[in-house]
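Asker: Generate a structure from the sequence data that follows.
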Amino acid sequence: MSPPAQAILGAVNTPRHGSFDPAEIAKFDALAARFWDESADFKPLHRLNPVRTAYIQARTPLAGRRVLDVGCGGGLLAEALCRHGAQVTAVDRAAGMIEVARLHAAESGLAIDYRCGDAEQLLADSLHSFDVVCCMEMLEHVPDPAAMLATLAQWVKPGGELFVSTLNRNAKAFALAIVGAEYVLRLLPRGTHEYARFIKPSELARWARDAQLQVSDMAGIAYDPLADRARLTDDVSVNYLVHLHAADSP
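Answerer: Sure thing, here's the model as predicted:
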């Protein structure tokens, strides 16, 4: 079986525990030391981050607002939001990532409340307390993304905003995000993604409705490896961002 074919079937044999997958956490924990090296494994993420930050900033005020970043990794988005004046709480299960995030924030003089562990336990007393909740490039790495989205919705204040990004599930996304990015251009480590976990926009919209969230906007993100540049597009066939709005009452 070819490596790309194994990538498609990988999710079938991956052990899953509740709202997280230990193998996924270990995968990213092992890369933590290279997170802030813009020429290493997370280079595409560094190019995507200004685009998704601008997307968030254009749709909701950030200065002085309480913002939660779930699945924060090494703190790329958390730092960007903090620089725009947000009061940021950021959570991740990968201890190595949180350690790197804390060190980098301290070196940058940024006050970010980083927490390591299960978000549902760490934020049990924070229901409906954040103005903005973000979850970038994480839903395709959890066993039950619908349940995760419903959990994210519980932390948003009535009338608040939720922003997520993920990957579409189709032949084009498989060709570009897995075969191209991981095996041909080697922009990402092999095994970063599993095709079976990719999420169609229609699925995400249905889960949002079930969680009492309204889809306010959806946009694609295109990354050009030759120009080493990312930009927003109307094409959601591969990477895409979604802006969700919580109901005015819980």
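
Asker: dump the residue contacts of residue 205.
Answerer: For residue 205, the contacting residues are residue 215, by C-beta atoms under 8 Å, 6 or more residues apart in numbering. C-beta here means a position set from N, CA and C on the backbone, and glycine is covered the same way.

Asker: Following element in sequence after whichever strand or helix holds it, please.
Answerer: Element membership for residue 205, per DSSP states H and E: helix 201-210. Scanning forward in sequence from helix 201-210 by DSSP H and E, the next helix or strand is strand 213-224.

Asker: Check which residues of that next one are buried.
Answerer: 213, 219, 220, 221, 222, 223 (16 or more other C-beta atoms under 10 Å).

Asker: ok, now how distant is residue 149 from residue 97?
Answerer: 22 Å (C-beta to C-beta, to the nearest Å).

Asker: again but with residue 85, I slipped
Answerer: For residue 85, the distance to residue 97 - C-beta to C-beta - is 24 Å.

Asker: Which element, helix or strand, includes residue 152?
Answerer: Going by DSSP H and E, residue 152 is part of helix 145-155.

Asker: Just the CA trace of whatever helix or strand comes next after that helix, in CSV.
Answerer: Reading on from helix 145-155 to the C-terminus, the next helix or strand found by DSSP H and E is strand 156-167. Extracted C-alpha coordinates of strand 156-167, given in CSV (Å, rounded to 0.1, in the frame of the first residue of the first chain):
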residue,chain,number,x,y,z
VAL,A,156,-18.7,31.6,24.0
LYS,A,157,-20.7,34.4,25.6
PRO,A,158,-24.2,34.9,24.3
GLY,A,159,-23.9,36.9,21.1
GLY,A,160,-20.1,36.1,20.9
GLU,A,161,-18.0,34.8,18.0
LEU,A,162,-16.4,31.5,17.2
PHE,A,163,-13.7,31.0,14.5
VAL,A,164,-12.6,27.7,13.3
SER,A,165,-10.4,26.5,10.4
THR,A,166,-10.0,23.0,9.0
LEU,A,167,-9.6,21.1,5.7
